[in-house]
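Undergrad: build me a structure from this.
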Amino acid sequence: MTDNELLEKLFREARQMEVADNGFTDRVMQQLPQEAYRPLLRSRLTLSRLWTGFCIVVALVLFVLMRGWELIGYGLLMLVNNSQALKDNLIIFIALAVVGGLVGISETVRRERYSVI
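TA: From the prediction side, this is the model:
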C-alpha cells in the first residue's frame, strides 16, 4: 500500500469520526468568513480549468496541423515491417513523444477532475 493510499484511508476514517465537543466545532465553523475566500477559490479553479482546456486545444491543433496520425502510422508501420527502423532513433522518439503526450493529457485531465483549488 502506498503512502497516499494510507493517508487517504486515515483521512477517510477520520472524517467519519464524531468528536464530542458540545457543538464547539460547529460554532467555530459558523463564525469563519466563508464567503471571503470562496470567490478566490472559485476563480482559481476556473482559471485552472481554462488553462487546462487551452493546453489541450493547442495540443490537438498541433497534432492536426502536423498530421500526427501520419507520424504515428508511419512509425508503427516501420517498426512492424522493417527491422532497420529499430535502429532509427527518430521514429522511436516520435512514438514515445506521442505516447508521453497522450499520457500527460490524460493525467492532466484526471488531476483537474479531482483538484480542490
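Undergrad: how many neighbours does residue 91 have?
TA: 19 (other CB atoms under 10 Å). Heads up, the C-betas are built off the backbone N, CA and C, glycines and all.
Undergrad: okay, now the unreliable bits of the protein?
TA: 33-41, 79, 82-89, 112-117 (pLDDT under 70).
Undergrad: which residues in it form helices?
TA: For the chain, the helices defined by DSSP state H cover 3-16, 24-31, 34-65, 68-81, 89-114.
Undergrad: tell me how far the first one lies from the chain's centre.
TA: Taking the mean C-alpha point of helix 3-16 and that of its whole chain, the gap between them comes to 21 Å (CA atoms, centre = their mean, to the nearest Å).
Undergrad: same deal with the fourth one?
TA: Counting by CA atoms, centre = their mean, helix 68-81 is centred 27 Å from the centre of its parent chain.
Undergrad: and that helix, which residues are buried?
TA: Residues 68, 71, 75, 78 are the ones in helix 68-81 that count as buried (16 or more other CB atoms under 10 Å).
Undergrad: give me phi/psi at residue 66?
TA: phi -90, psi 10 (degrees, to the nearest 10).
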